[in-house]
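[1] 3D model of this:
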Amino acid sequence: MDDAWIERWGADMRAGIATLLSTFASRFGFPPGEHDIGGPATAAELAGLAELHGDALPADLPAFHRVVAEVQLPDVGNGYWIHRPPLPGEDPGHPRLLTDGRAVVVFGSDGGGALFALAGGSGSPVLRLSGGTLLGGVYEAGCATVMAANLQDFLTFLRREVTAFVAS
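    Next comes the predicted model:
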């Protein structure tokens, strides 16, 4: 996943959101939530992400955040968010380890309380963490399901979700 792909993804998403917002109120009878595909993360945010996760940080995530810091899609499906990276010294309190010993890096969430995490190194799968127990920063592995083969596939899924929402 390179910067050009991420930039095209961001442009596609912004165009989809613009279409979504232009018809939302007339379709549903109430105003939409705040949708956004943010610009790049700051150097401090990227440093905070690296500080928090160290060697467990898959290269795909900072590559994404160098182009897009955050995503807000509250009205698409159950809602999807990709969180801004933390600043140095900040810890959002997300799980960093599964009970099977795999390190995870939580990067997003949905409107139903699930978290999205990358497990392993570069090209690692995106896991959906839902319904499990978090004890001492360790999350129940049996409640982690594969959502996408990697971050690029997850982002492609989000683009399809926006496209389907606009078309429906």
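[2] list the buried ones in the lengthiest helix in the chain?
    Among the elements of the chain assigned as helix by DSSP state H, the one spanning the most residues is helix 3-28. Neighbour-count burial for helix 3-28, with 16 or more other CB atoms under 10 Å as criterion, is recorded at I6, W9, G10, D12, M13, G16, I17, L20, L21, F24. In short, each C-beta sits where N, CA and C put it, glycine included.
[3] Enumerate every residue touching R159.
    W9, D12, M13, G16 (CB atoms under 8 Å, 6 or more residues apart in numbering).
[4] same thing but 6 Å
    With CB atoms under 6 Å, 6 or more residues apart in numbering as the criterion, the residues that contact R159 are D12.
[5] Equivalent analysis for L127, please.
    Residues in contact with L127, defined by CB under 6 Å, 6+ apart, are A117, A119, A144.
[6] is it true that the second one touches D100?
    No - between A119 and D100 no contact is recorded; they are 9.7 Å apart, counting by CB atoms under 6 Å.
[7] ok, those two, which is more surrounded?
    Neighbours of A119 and D100, each counted by other CB atoms under 10 Å, are more numerous for A119; the result is 20 against 12.
[8] quick one on the thing from earlier: would TSV of the buried residues of helix 3-28 with pLDDT be doable?
    Putting the buried residues of helix 3-28 into TSV (pLDDT from 0 to 100) gives the following:
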residue	pLDDT
I6	97
W9	98
G10	97
D12	97
M13	97
G16	96
I17	96
L20	94
L21	95
F24	94
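[9] show me what contacts H35?
    The contact partners of H35, taken as CB under 6 Å, 6+ apart, are I17, Q72, L73.
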